[in-house]
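# give me coordinates for this.
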Amino acid sequence: MAEAIQSGDESRFTDLYNEPVDHLLSPIKGYQDKPVVSLPKAIEPVAGFFNKIEDNVSVALHNCQNPADGLDQQESASIHLYTMQFRGGPSLYLLLNKSLRAENREELQPWFSYLKLFLTALHKLPSRSETVWRGIRDVDLSSKYKKGTKFAWWGVSSCTIDIEVLEADQVLGKHGKRTLFSIECINGKSVATHSYFKNTEKEIILMPDSYFEVMGQLNPAPELHIIQLREITPPNALVKPPSSKPNEQKPLSIVDQPSTLFPSTSAKKTSVKSVPLRARMVDIHPNATWSKNGITVAGGNKHGSATNQLSDPWTLYIDDDQTIYVVDTWNHRIMEWKSGATNGTVVAGGNGRGNGAHQLSIPRDVIIDKETDSLIISDSENKRVVRWPRRNGTRGETIISNIVCWGLTMDDNGFLYVVDHEKNEVRRYKIGDTKGTVVAGGNGKGNRLDQLFQPHYVFVNRDHSLYVCDCSNHRVMKWEEGATQGIIVAGGQGKGNSLTQLDRSIGVVVDQLGTVYVVDSVNDRIMRWPKEATQGSVIVGGNGKGAWSNELCYPTSLSFDRHGNLYVVDYVNHRVQKFNIQ
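Below you'll find the predicted structure:
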């Protein structure tokens, strides 16, 4: 039967020591020709490897009678069984991965029926692009994973989006020699709802044959080694996909009518949202530094409306390919700037200030919904949130009305968070929700912990905690999911320019370690506040108001690209500055 991790049986999150990263194995094929059978039948050829695996199969089937994500009971149970810890012998994942890593491919044949069922289930789940973690204790693997190395992991790679899962004593712990992998994946499969441990481990599976490049290494403590990986496309197919086609999954999207913000809840059962985060959940070393001199990557050609100019830009969104989307506020348009381009392209608005469907009026924020290939824009003066086609769009569609929206973001459930600057609150709109629910503020204008005063922007992390720029209270507030009041995580010591103070906090991003990066606008600087810190440090700017490359003038927004480079909207200088990570 299943139980918590026991000594002598590695955790799924640490099962990686024997990966043959120094050379490629021959591709895995043949299993795809097997028929999909029930879990008990799929396990029969390997049952002799285990001590009464039939009992664990029964538990898995019992726990998966109402599976999520469009999987059937047998498919969900195959994932459930993979996540279980067995008593009296090795767990399934250990022996499965041992066979997947074997140079003699004949060793894998008894697993073909289970692989067909298991991989069919995983292929039905949507792919996720995010930062995940796994590791190993008592070993330093730095010499095995040199920067620039490209390799495959042949086993099923269990990862988590929550680094605290790995800090448990039965996994990596917090002390002693450890190697931690920070992985920027593109094909992760969330199995939390199918796992024996349900949502407590927040598990993301990377498929057998996942291919990576080592991007760098960190050594933040004497015995802690962090290896940064990026998932990339392999040189050839290493594992044949299941021959049966996965369920077609239609993307969730915001519908056209303003009376219904999202599709019905029944649509949610067969579709999954791709998350347009305010900024990537980048892994940044606590002591990382950036160039003190910025490079202009958008605008910077004085105030104007030409395609190489901006007029009081307000915020930005960085896409995966480093394309920049700039809210060009007083040109009433959204501009797209490709990496390295000297001119931008108008992708929304740009038809003068007005309230027509083809117009914007003082827009304040934009995010990208990749599933529908559209922009979601806060059209503040028109008191609406609009959706606009990302490519060749000529008009937008109102999805929320009667709201002075400044900030937008979306969580991994596809729920939209909207900052109402006028009502001093943040509302969350779930699938099928037309009114929204107040999740921060909403108790009138003020400086109590349950109040906000002219909030600007919002960031949501993976546990659905909100970080709100409480601008006129000169602080950043963290509101945990379900909380009735917030926690001050930056500023909150009155308006000022000391390291304990902010002066109009406008933009915010939070990294995986809980470090808060905030735009301290009037002080013309970007500050970093580590988790639970009582003061911040200046990472760029802070050299007075100006237009030199080391200066800012009323910055209003920040973001990071996937490499950790910092982008800042320099409002009065009508430009976007990029500060390279060092």
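
# quick one: the strands in the stretch 151-300 of the chain?
Secondary structure of the stretch 151-300 of the chain (DSSP state E, counting those that start in this stretch): strands at 157-160, 178-190, 203-206, 210-221, 224-232, 295-299.

# now those strands as TSV including mean pLDDT and distance to residue 331?
Where you see a C-beta, it was placed from the backbone N, CA and C, and this is true even at glycine. Output for the strands of the stretch 151-300 of the chain, formatted as TSV (pLDDT from 0 to 100; distance: least, C-beta to C-beta, whole Å):
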stretch	mean pLDDT	distance to residue 331
strand 157-160	92	43
strand 178-190	90	34
strand 203-206	94	41
strand 210-221	89	37
strand 224-232	90	36
strand 295-299	97	10
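
# any weak-confidence spans in the protein?
1-10, 170-171, 199, 243-282, 432 (pLDDT under 70).

# which residues are in contact with residue 534?
Residue 534 makes contacts with residue 500, as judged by C-beta atoms under 8 Å, 6 or more residues apart in numbering.

# wasn't it part of a helix?
No - applying DSSP: H, G, I helix; E, B strand; the rest coil, one finds residue 534 to be coil, outside a helix.

# give me the number of residues near residue 287?
Using other C-beta atoms under 10 Å, the number of residues around residue 287 comes to 10.

# one more: residue 132?
Neighbours of residue 132 under the rule other C-beta under 10 Å: 29.

# repeat that for residue 52.
If we define neighbours as other C-beta under 10 Å, then residue 52 has 13 of them.

# nearest spatial neighbour of it, chain-adjacent residues omitted?
residue 88 (7.8 Å; C-beta to C-beta, 6 or more residues apart in numbering).

# please identify the most buried of the strands of the stretch 151-300 of the chain.
strand 203-206 (a mean of 26; mean count of other C-beta atoms under 10 Å).

# pairing partners for it, with directions?
Partners of strand 203-206 in the sheet, by DSSP bridges, are strand 157-160 (antiparallel), strand 178-190 (antiparallel).

# residue 526: which of those is closest?
Residue 526 lies closest to strand 178-190 among the strands paired with strand 203-206, at 22.6 Å (C-beta to C-beta).

# stretch 167-185: end-to-end distance?
Terminal residues of stretch 167-185 lie 21 Å apart, using C-alpha to C-alpha, to the nearest Å.

# quick one: it to chain centroid distance?
Here the centre of stretch 167-185 is set off from its chain's centre by 20 Å, with C-alpha atoms, centre = their mean, to the nearest Å.

# same check on stretch 429-445?
That offset, for stretch 429-445, works out to 22 Å (C-alpha atoms, centre = their mean).

# thinking again about what came up before, which of the strands paired with strand 203-206 sits closest to residue 73?
Nearest of these (C-beta to C-beta): strand 178-190, 18.2 Å.

# which stretches of the chain form helices?
Under the criterion DSSP state H, the chain carries helices at the ranges 39-43, 53-63, 73-83, 92-100, 112-124, 163-166, 265-268.

# tell me which of those helices is the most buried.
Buried most deeply of these, by mean count of other C-beta under 10 Å, is helix 73-83, with a mean of 26.

# can you redo the strands of the stretch 151-300 of the chain as CSV with distance to residue 403?
Listed next are the strands of the stretch 151-300 of the chain as CSV, based on distance: least, C-beta to C-beta, whole Å:
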stretch, distance to residue 403
strand 157-160, 36
strand 178-190, 31
strand 203-206, 34
strand 210-221, 40
strand 224-232, 38
strand 295-299, 28
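
# which of those sits closest to residue 114?
strand 203-206 (14.8 Å).

# what sits up against that closest one?
Identification of contacts with strand 203-206 by C-beta under 8 Å, 6+ apart yields 12, 79, 83, 122, 128, 130, 132, 153, 156-161, 183, 185, 187-192, 195, 197, 231.

# what of stretch 481-490?
So stretch 481-490 is contacted by 439-440, 448-450, 463-465, 467-468, 470, 475-480, 502, 505, 508, 516, 518, 527, 529, 531, 536 (C-beta under 8 Å, 6+ apart).
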